[in-house]
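Peer 1: All I have is the shape, not the residue letters:
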DNA sequence: TGTCTAAATAACAGGTTAGTTATATGGCTA
DNA sequence: TAGCCATATAACTAACCTGTTATTTAGACA
């Protein structure tokens, strides 16, 4: 096989873990598994393709707009969700590859 | 089958994640995979059975004694390592069951 | 071009984390 | 039982996190 998976350094693992070590952000990731089930219908941006929009997520979190946006930014910075701006709104979806890479590494290395 | 794994609440998952979201504590868990390979020989407490003693871990971390002990306490409180006091020393080993339960849950739920 | 609005940034407060040094605790051991 | 030594606790500081309100930015569109 000779799979040469160059492993990210421990510092990046720590960053990913800090990103998910938050009830709010775990909740966001959970909601984004099925945006149509958890958020109202939206005009632009197919929920299945692009995810849910910033406002819906912020509202559902029940925090202020800047607080919600910052939680989303933490997840984006950790590469666990992907942002897509469309016509003035920003949609967020899970980065399933990165999430799987993280859980795999934890299963193997922790 | 009917496996009724009563799932711990999200708050506890957050606590476990916070416990491992630290380079220092990830390092400790890594060392404890093979105490004999990472720490000097110790008089009491079989490394394979009880793990490595507080002092060795603190020394290897390179922080003060209270700082090191507190990192260990965080991992103990999260049930990820197990403390065994023997003749005045305290030995720490990995709680493989709990660690596996955590990585399993993350693989399934994240 | 000018306005509207979603999202980002700034500035601040309160709580938590991680480090320090100093001190207390408590079980061995002589 | 007296002292010692490993560990825990206390007290403090600096940095970080999460929330707030106010303001800025920038794309859409009329």
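Peer 2: Nice, thanks for sending it over. Keep in mind it's a predicted model, so treat the numbers as computed, not measured.

Peer 1: Which residues does the helix or strand bottoming out on mean pLDDT in chain A contact?
Peer 2: Using mean pLDDT, DSSP states H and E, the weakest-scoring helix or strand in chain A turns out to be helix A:47-50, at a mean of 77. Residues from elsewhere that reach helix A:47-50 (Cβ atoms under 8 Å, 6 or more residues apart in numbering or on different chains): A:35, A:36, A:39, A:41, A:84, A:86, A:91, A:93. For every residue, glycine as well, the C-beta is placed using N, CA and C.

Peer 1: The residue at minimal distance from the centre of chain A and residue B:36, how far apart?
Peer 2: Taking Cα atoms, centre = their mean, the centroid of chain A lies closest to residue A:81, which sits 3.0 Å from it. Remark: distance between residue A:81 and residue B:36 (Cβ to Cβ, to the nearest Å) = 42 Å.

Peer 1: Once you drop chain neighbours, what's closest to the residue in chain A that DNA strand D sits nearest to?
Peer 2: Across chain A, no residue is closer to DNA strand D than residue A:64, which sits at 3.0 Å (Cβ to the nearest atom of the strand). Nearest in space to residue A:64, with sequence neighbours left out and distances taken as Cβ to Cβ, 6 or more residues apart in numbering or on different chains, is residue A:58 at 7.8 Å.

Peer 1: Report how many residues lie close to that neighbour.
Peer 2: Around residue A:58 there are 19 other residues, counting by other Cβ atoms under 10 Å in any protein chain shown.

Peer 1: cool, the one 4 residues further on as well?
Peer 2: Counted by other Cβ under 10 Å, the residues lying close to residue A:62 total 9.

Peer 1: Check residue A:88 too.
Peer 2: Neighbour tally, residue A:88, other Cβ under 10 Å: 7.

Peer 1: pLDDT-wise, what's the bottom of the contacts of helix A:47-50?
Peer 2: Across the contacts of helix A:47-50, the smallest pLDDT goes to residue A:41, namely 85.
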